[in-house]
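Undergrad: fold the following, please.
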Amino acid sequence: TSSFDWSADGRHIAFLGDDQWLHLVETAQWVEVGSFYIDSGEMLGVAFAHHAEVLATTSRNNPLRVWTYSGEQLASFPSESSNWTPAFSPDDSLVATGTWDWDIDVYDWRRGEQVAQLEGHGSTVWSVEFNPRNPRLIASTASDGTTRIFDVVDQRALVTLDGLANSEVLAANFTGDGAR
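TA: Reported below is the predicted structural model:
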């Protein structure tokens, strides 16, 4: 398994197998309720939307994609770089991913367009997470040892935490109320 995520309501788990299959498991009975093949090479990340029954996947040197639970592709965003863990905004209108090109790409997946490219990290961006109460804010972590908070609308870094020199920061999360 290369990546997994829980749905917001806790009723499903999605995981990406090394065999390029996405598996959807219903947690009440712990049974697989769906799976589909993703022809994308090495799979890197999966994330559920918060309200809509969709999920996003990322892979090495292939597009960020948005899917229905049944495997219908709703959106695809080509990239010249590998995309890492995806994340949806609290209202599910945006999906973001960190890249090997040191950026964070943000898309309006329903309209099929990129709305922001956030720059400032000095190496691969491993994870991104929207603030649950303020969808303008994204936390990101990178192999340069930094965690940054970006404003998506203004497309600028608001805060840089640089306390882990010579270390990779692999993940960051906001608290449920978005205060920290």
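
Undergrad: quick check: N131 touching L137?
TA: Yes: taking C-beta atoms under 8 Å as the definition, N131 is a contact partner of L137 at 3.9 Å. Where you see a C-beta, it was placed from the backbone N, CA and C, and this is true even at glycine.

Undergrad: how near is A172 to F150?
TA: 12 Å (C-beta to C-beta, to the nearest Å).

Undergrad: now do the SS call for the residue lying farthest from the centre of the chain.
TA: Most distant from the centre of the chain: Q29, at 27.0 Å, with distances by C-alpha atoms, centre = their mean. Of the three states, Q29 takes coil under DSSP: H, G, I helix; E, B strand; the rest coil.

Undergrad: look up the closest residue to the residue nearest the centre of the chain, ignoring the ones flanking it.
TA: Nearest to the mean C-alpha position of the chain, counting by C-alpha atoms, centre = their mean, stands P86 at 1.0 Å. Of all residues not flanking P86 in the chain, A56 sits nearest, at 3.9 Å (C-beta to C-beta, 6 or more residues apart in numbering).

Undergrad: tell me how far the one you found lies from D105.
TA: 12 Å.

Undergrad: which residues do the two both contact?
TA: L64, T97 (C-beta atoms under 8 Å, 6 or more residues apart in numbering).

Undergrad: which one's more surrounded, those two?
TA: A56 (28 against 23; other C-beta atoms under 10 Å).

Undergrad: who does that one bridge with?
TA: A47, V66 (DSSP bridges).

Undergrad: for it, what are its contacts?
TA: A56 touches 45-47, 49, 64-67, 86, 88, 95, 97, 109, counting by C-beta under 8 Å, 6+ apart.

Undergrad: again, but for G10
TA: G10 touches T27, counting by C-beta under 8 Å, 6+ apart.

Undergrad: how many residues are close by N131?
TA: Neighbour number of N131 under other C-beta under 10 Å is 19.

Undergrad: what's the answer for E129, then?
TA: E129, neighbours per other C-beta under 10 Å, totals 19.

Undergrad: which residue, neighbours along the chain excluded, lies closest to it?
TA: A139 (4.8 Å).

Undergrad: the one you found is in what secondary structure piece?
TA: If you go by DSSP states H and E, A139 is part of strand 137-142.

Undergrad: so what does that strand touch, helix or strand wise?
TA: strand 94-99, strand 104-108, strand 125-130, strand 147-151 (3 or more C-beta pairs under 8 Å, 6 or more residues apart in numbering; DSSP states H and E).
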